[in-house]
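>>> Pasting a predicted model and its sequence here:
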Amino acid sequence: MEKKRIIALIDMDCFYVQVEQRLQPHLYGKPVAVVQHSSANYRGGGLLAVSYEARSFGIKRGMFGEQAKALCPDLTLCYVPVGEHIDKADITRYRDASAEVFKVLHEFDSRIVVERASVDEAYLDLSALVQHIFETTNPSVKYMEPNAVDLFPTTHVADGADLNEDKIPDWKYDRVESLHSFISEAYETQDEYKLKLIIGADVIEQIRSAIKKNTAFNCSAGIGSSKMIAKLVCSRHKPGQQTVVFNEAIPKVFEYTPINEVRNLGGKLGRALVEKFDVKTMGELSQISMSDLSECFPAQAKWIYNIARGIDEEKVTARDKQSSVAVSKNFPGPNALKTDGDVKFWLEGLIKELVKRLIDDQITNIRTASTLHIGCTTNVHLTRSMQMKTYDPKALFNSIWATFRHINKSKIPETWDPSVKNITLSADRFREGIDGRSKQITEWVTTAINRAVNSVTDASTSADTKNSAMPSEKVTKTSSQTSINVHHSERKVHEQDDDIQIIFDVRKERKSTSTTTTTTSTALHSKTIAKKRKKREVPEKSSVPIRKISDFFKKQ
């Protein structure tokens, strides 16, 4: 078994709920659930995330809002926003919040390998950092102090007994005592790997504290020898806790671990193993011989054999960008699309939503997608791929429609048969940089944004003389800048009451000037804020429409 690696999983607790609570602080400590957007809002919509306060009432993910409210009348339901271009969920606020978390992870220490697993999960390979600390410091001085346990205020040691008090006679789990025993044993035996696990647990305590300080979000963590082990123990003592497991304790942990709780065994393969060998736990699975596994599962036998013994060699791969950008919409049952007009309407909306996300990605990550995948589900699922030559919505629609229309087999004009149950569009195979074919639309959007921002500034200046303008502090002016190039932009959406605020950060080029007058006359704003209020009265002469990014993609 590989003992050199120190792997951790960071898992944000009820992440969507925490994002909503940060927007509405009065919801902290109360039963809250986040509801998936649904066009029909059937039975109050399905629950995507449930706070721990709500779980105490028996509320679970996947329930309908009506069911949940019946269990807890005081439950607050927060609804996922609707997309600007199409009647579907827009998870921008959750992606932006996730970016804040990953920013903390990437900036903590360059020796840590960070792999984005999902919007609310990240695998960390701490091995290099832990090795450095182990070789350059004297851990025993720090961790063998009488109050060393105080360095680990939320750390648990998984030894099989930490979650199974009812199954072990005369045993009562004590977190502090268990942790103290683990640390003492590691130093008495001078077990190098256990010592490194202790260092790793200390590092994760610091990382989680940094996430809390910088984002206000709580998270849990698991620390062990592999991705599989880290993920497994992460959930043992949630929320706001972390669990470390040493290799010798894995068989004890597996003794009570259901097979479907292990990473990559929660689906068909896990069910097949349970049915074939009549086993329920990982401990029971570890008793199955290699020959029996090879006979029934020849392709996966070696992997299953190793996993059942806690061996997982999958590497943590540095990845902080999405491998693809996608949009999708389901049309179940009676909502299936049956006319040309409906299919075109939804296809156009999904294309605009995809383009909006691709432009955001292009500005943030300085890259361009080169392949577009089209998926359509009727009575069968059909997929097509094509080269992506532009981000222009109209041109994309024409290209996609040329392929899409052949799916329709109806002989009756304006009807669609078989009816469409799902449309999925995704873009991938990103190239570094912004090439000429898609640069034009990006520059057009940037220019339009700058014009809108300048209009807001002009309106603010004009209205200020009449004492009815936007407060001057809303616009930051820079008098030492004479030219500006858009290099990188970060889009964040903040919502307070009925306000939507879009912030664009840009990188400046500065050069010295001989006089203050020349500098002032040529200065441009280094950071501008375009703010839209639904009910703001501005004098007619200074009233200038403020438009969202997405408005620049709409048909003229």
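Okay, I see it. Residues are numbered from 1 along each chain as shown.
>>> looking only at pLDDT, what's the mean for stretch 121-131?
Average pLDDT, stretch 121-131: 97.
>>> Now do the buried residues in it.
Under the neighbour-count criterion of 16 or more other C-beta atoms under 10 Å, stretch 121-131 has 121-127, 129-130 buried. Any C-beta I mention is one placed from the backbone N, CA and C, and that applies to glycine too.
>>> Let me see the domain layout of the protein.
As given by automatic domain parsing, the domain ranges for the chain are 7-12+94-307, 15-82, 325-434, 451-553.
>>> so can I have JSON lines of those showing distance to residue 317?
As requested, these are exported to JSON lines (distance: least, C-beta to C-beta, whole Å):
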{"stretch": "domain 7-12+94-307", "distance to residue 317": "5"}
{"stretch": "domain 15-82", "distance to residue 317": "22"}
{"stretch": "domain 325-434", "distance to residue 317": "16"}
{"stretch": "domain 451-553", "distance to residue 317": "24"}
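>>> Grab the nearest non-local neighbour of the residue nearest in space to the middle of the chain.
In the chain, the C-alpha nearest the mean C-alpha coordinate belongs to residue 119, at 1.3 Å (C-alpha atoms, centre = their mean). Excluding the flanking residues, the one nearest residue 119 by C-beta to C-beta, 6 or more residues apart in numbering is residue 98, at 4.6 Å.
>>> Secondary structure element holding the one you found?
In this structure, residue 98 is located in helix 92-108 according to DSSP states H and E.
>>> And the next helix or strand past that helix?
Counting by DSSP H and E, the element after helix 92-108 in chain order, helix or strand, is strand 113-118.
>>> What segments of the stretch 301-450 of the chain are strands?
Secondary structure of the stretch 301-450 of the chain by DSSP state E, counting those that start in this stretch: the strands cover 325-330, 337-339, 367-377, 381-387, 415-420, 422-432.
>>> Considering the ones you listed, which stretch scores lowest in mean pLDDT?
Mean pLDDT is lowest for strand 325-330 among the strands of the stretch 301-450 of the chain, at a mean of 91.
>>> Quick one: work out the angle between that one and strand 367-377.
Counting by axes from the mean of the first three to the mean of the last three C-alpha atoms, to 10 degrees, strand 325-330 lies at 20 degrees to strand 367-377.
>>> What is strand 325-330 packed up against?
If contacts are counted by 3 or more C-beta pairs under 8 Å, 6 or more residues apart in numbering; DSSP states H and E, strand 325-330 sits against helix 340-365, strand 422-432.
>>> Pairing partners for the last one, with directions?
Using DSSP bridges, the strands paired with strand 422-432 are strand 325-330 (antiparallel), strand 367-377 (antiparallel).
>>> for the ones you listed, which one sits closest to residue 187?
For these, distance to residue 187 was read as C-beta to C-beta. The smallest value, 48.1 Å, belongs to strand 367-377.
>>> Just the residues contacting that closest one, thanks.
Strand 367-377 is contacted from outside by 321, 325, 328, 358, 361-362, 381-388, 391, 396, 399-400, 403-404, 407, 420-435, 438, using C-beta atoms under 8 Å, 6 or more residues apart in numbering.
>>> Drop anything exposed from these.
325, 328, 358, 361-362, 388, 391, 396, 399-400, 404, 407, 420-428, 430, 434, 438.
>>> mind listing what the residue nearest to the centre of the chain touches?
15, 91, 94-95, 98.
>>> now residue 288
By C-beta under 8 Å, 6+ apart, residue 288 lies in contact with 277, 279, 305, 308.
>>> can you do 10 Å?
Counting by C-beta atoms under 10 Å, 6 or more residues apart in numbering, residue 288 touches 273, 276-277, 279, 296-297, 301, 304-305, 308.
>>> Please pick the buried ones from those residues.
Burial of those was assessed by neighbour count (16+ other C-beta under 10 Å); the buried members are 273, 277, 279, 297, 301, 304-305, 308.
>>> which two of the residues you listed lie the greatest distance from each other?
Farthest pair in the buried ones among the contacts of residue 288 (C-beta to C-beta) is 279 and 301. Separation: 15.0 Å.
>>> hey, where'd the helices end up in the stretch 151-300 of the chain?
For the stretch 151-300 of the chain, applying DSSP state H, counting those that start in this stretch gives helices covering 175-189, 192-215, 227-234, 250-255, 268-277, 282-285, 290-296.
>>> Show me which of the contacts of residue 119 is closest to residue 349.
Closest to residue 349, out of all of the contacts of residue 119 and judged by C-beta to C-beta, is residue 91, at 16.4 Å.
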